[in-house]
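S.K.: pasting a predicted model and its sequence here:
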Amino acid sequence: GAVVSQHPSRVICKSGTSVKIECRSLDFQATTMFWYRQFPKQSLMLMATSNEGSKATYEQGVEKDKFLINHASLTLSTLTVTSAHPEDSSFYICSARAPGGWNQPQHFGDGTRLSIL
Amino acid sequence: QKEVEQNSGPLSVPEGAIASLNCTYSDRGSQSFFWYRQYSGKSPELIMFIYSNGDKEDGRFTAQLNKASQYVSLLIRDSQPSDSATYLCAATGNQFYFGTGTSLTVIP
């Protein structure tokens, strides 16, 4: 159980393109999903917390107009990287918290490797 | 002070040995603790969770929790080369906090 699907797994596109990444919880309803970014050999960096039906909470230093998050249903959150540039190239990972509150584990998608040329 | 602290390593152990990974946390209100394994280039995978003081065993893995000392550990018995990965400790308090991870290499 607790499967999180993330799509696409890899994106290569030109600078200035907007890229949409989907995160789905397949067998449970997730009121809260999280978006992380990870650069090579560095630790996970939380970008934002996505709550179903409300605006996402962004971490300090993360531009909300650059990284648009939508959590329209209990099983789907999307991250759109708008007008992507080479410095946005990174490994983006979503996670969904199992039902039951803060004490429940996060389950991760397989990640999206974004390369901006 | 970070909410969850881990020794970044790298930690190297020979195949068949016990690997011991340690984690401390600062929020005394934390109630749940998790260990994730992350292979290079992959996303984290939940391998253990523990809520109560003491030991919890699952196959070759044992999680240990000491709330008085604010200390969580993960023991991997009979370490295999396939255990080579970064291990992330996480704790929940008002939020979900991850440590920065400990890199483990099991040498054949």
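M.R.: Received the coordinates, thanks.
S.K.: and chain A, which residues reach chain B?
M.R.: A:2, A:6, A:34, A:43-44, A:46, A:91, A:93, A:95, A:97, A:102-111 (Cβ under 8 Å from any Cβ of the partner chain). Quick note: C-beta positions are derived from backbone N, CA and C, even for glycine.
S.K.: quick check on those: which are buried?
M.R.: A:2, A:6, A:34, A:43-44, A:46, A:91, A:93, A:95, A:97, A:103-109, A:111 (16 or more other Cβ atoms under 10 Å in any protein chain shown).
S.K.: can you name the helix or strand that the residue positioned nearest the centre of chain A falls in?
M.R.: Geometric centre of chain A, nearest residue: A:Trp35, 3.4 Å, by Cα atoms, centre = their mean. Assigned by DSSP states H and E, A:Trp35 belongs to strand A:32-38.
S.K.: list the contacts of that strand.
M.R.: For strand A:32-38, the external contacting residues (Cβ atoms under 8 Å, 6 or more residues apart in numbering or on different chains) are A:23, A:25, A:44-52, A:67, A:69, A:71, A:77, A:79, A:90-97, A:106, A:111, B:96.
S.K.: so what strands line up beside it?
M.R.: Paired neighbours of strand A:32-38 in the sheet (DSSP bridges): strand A:45-51 (antiparallel), strand A:90-97 (antiparallel).
S.K.: got TSV for these, with mean pLDDT too?
M.R.: Below are the strands paired with strand A:32-38 laid out as TSV (pLDDT from 0 to 100):
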stretch	mean pLDDT
strand A:45-51	93
strand A:90-97	96
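S.K.: where do the strands sit along chain B?
M.R.: Taking DSSP state E as the test, the strands found in chain B are B:4-6, B:11-14, B:19-25, B:32-38, B:45-50, B:54-58, B:61-66, B:71-76, B:85-92, B:96-98, B:102-107.
S.K.: return the member of the ones you listed having the minimum mean pLDDT.
M.R.: For these, mean pLDDT drops lowest on strand B:96-98, to a mean of 89.
S.K.: what angle separates the strand holding A:Trp35 from strand B:32-38?
M.R.: Relative orientation of strand A:32-38 versus strand B:32-38 (axes from the mean of the first three to the mean of the last three Cα atoms, to 10 degrees): 40 degrees.
S.K.: how distant is strand A:32-38 from the center of its chain?
M.R.: Centroid separation between strand A:32-38 and its chain, computed with Cα atoms, centre = their mean, to the nearest Å, is 5 Å.
S.K.: near chain A, which residues of chain B are found?
M.R.: B:31-32, B:34, B:36, B:41-46, B:49, B:51, B:88, B:90, B:92-96, B:98-101.
S.K.: give me that answer again for 6 Å
M.R.: Within chain B, the positions near chain A by Cβ under 6 Å from any Cβ of the partner chain are B:Gln31, B:Ser32, B:Phe34, B:Ser43, B:Pro44, B:Leu46, B:Phe49, B:Thr92, B:Phe98, B:Thr100, B:Gly101.
S.K.: weed out the non-buried ones from these.
M.R.: B:Ser32, B:Phe34, B:Ser43, B:Pro44, B:Leu46, B:Phe49, B:Thr92, B:Phe98, B:Thr100, B:Gly101.
S.K.: for the closest residue to the first one other than its chain neighbours, what are its contacts?
M.R.: To tie it back to what came earlier, the one meant is B:Ser32. Of all residues beyond its chain neighbours, the one nearest B:Ser32 is A:Asn103 (4.1 Å), with distances taken as Cβ to Cβ, 6 or more residues apart in numbering or on different chains. The contact partners of A:Asn103, taken as Cβ atoms under 6 Å, 6 or more residues apart in numbering or on different chains, are B:Gln31, B:Ser32, B:Thr92.
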